[in-house]
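Undergrad: Attaching a predicted model along with its sequence, questions to come.
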Amino acid sequence: MFRTTLATAAAALIAGTAFAQTVPMVGGAPMYPTMNIVENAVNSADHTTLVAAVQTAGLVETLAGEGPFTVFAPTNDAFAELPAGSVDALLQPANRDRLTEILTCHVVAARAFSDAIAGMIADDGGAHPIETVGGCVFTARMMGGRITIEDEQGRVATVTQADVGQSNGVIHVIDTVLLPDAM
């Protein structure tokens with residue numbers, strides 16, 4: 001009986017440790033791998049602007065769908081770096097198409113973890129084109145041991161937190177909003 005109890009306790013401890021290690025924190029909230037991109041993103045204090053934009057663009061149902069998706073998720077600070085008034089303007093109903101274009105340029109129709117992206121960058125001699133759902137073609141590179149994504153304007157986003165697994169894909173937190181063309 002003692003052995004069974006000890007074995008059960010050890011298994012629970014190991015399972016608990018493994019579970020704790022697989023649930024990263026983003027914006028002060030746990031990102032559960034059993035939840036989808038939208039279910040997790042709404043809990044991140046660092047992504048309230050992104051969530052508002054996704055809601056305004058009508059992309060909630062899509063990003064909560066089956067996927068798989070890789071989302072390069074800009075933080076609130078990244079949105080704040082856009083020219084003054086840009087975010088407010090994009091959130092207006094008249095600009096929904098432009099907002100949708102920008103947001104879908106942060107989404108790839110595949111589940112791409114950082115090791116796979118790094119491998120593609122290496123295989124392509126240091127720069128790998130990334131084709132997005134929004135029709136943008138960005139360039140992934142490695143800089144200082146981190147993945148960077150360069151948009152069509154030469155703006156460079158750094159992946160600050162990689163491999164946040166979701167039930168329908170993966171999120172990579174980035175520090176810059178990627179744009180398809182000049183704003």
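TA: Everything's here; your move.
Undergrad: contacting residues for residue 151?
TA: Contact analysis of residue 151 by CB atoms under 8 Å, 6 or more residues apart in numbering lists 105, 136, 138, 157, 178, 179, 180. Placement of C-beta: from N, CA and C, glycine included.
Undergrad: I'd like the distance between the closest residue to residue 68 other than its chain neighbours and residue 70.
TA: Leaving aside its sequence neighbours, residue 68 sits nearest to residue 111 (CB to CB, 6 or more residues apart in numbering; 3.8 Å). Using CB to CB, to the nearest Å, residue 111 is found at 6 Å from residue 70.
Undergrad: circling back: out of the contacts of residue 151, which two sit at the greatest distance?
TA: Greatest spacing in the contacts of residue 151, by CB to CB: 157 and 180 (13.4 Å).
Undergrad: ok, the two, which is more surrounded?
TA: Higher neighbour count among residue 157 and residue 180: residue 157, with 22 against 19, using other CB atoms under 10 Å.
Undergrad: I'd say that one and residue 179 touch.
TA: No - Residue 157 is beyond contact range of residue 179, at 10.1 Å (criterion: CB atoms under 8 Å).
Undergrad: Settle this for me: residue 22 is touching residue 33, isn't it.
TA: Yes - taking CB under 8 Å as the definition, residue 22 is a contact partner of residue 33 at 6.0 Å.
Undergrad: Between the two, which is the more surrounded one?
TA: More neighbours surround residue 33 than the other of residue 22 and residue 33, with 15 against 12 (other CB under 10 Å).
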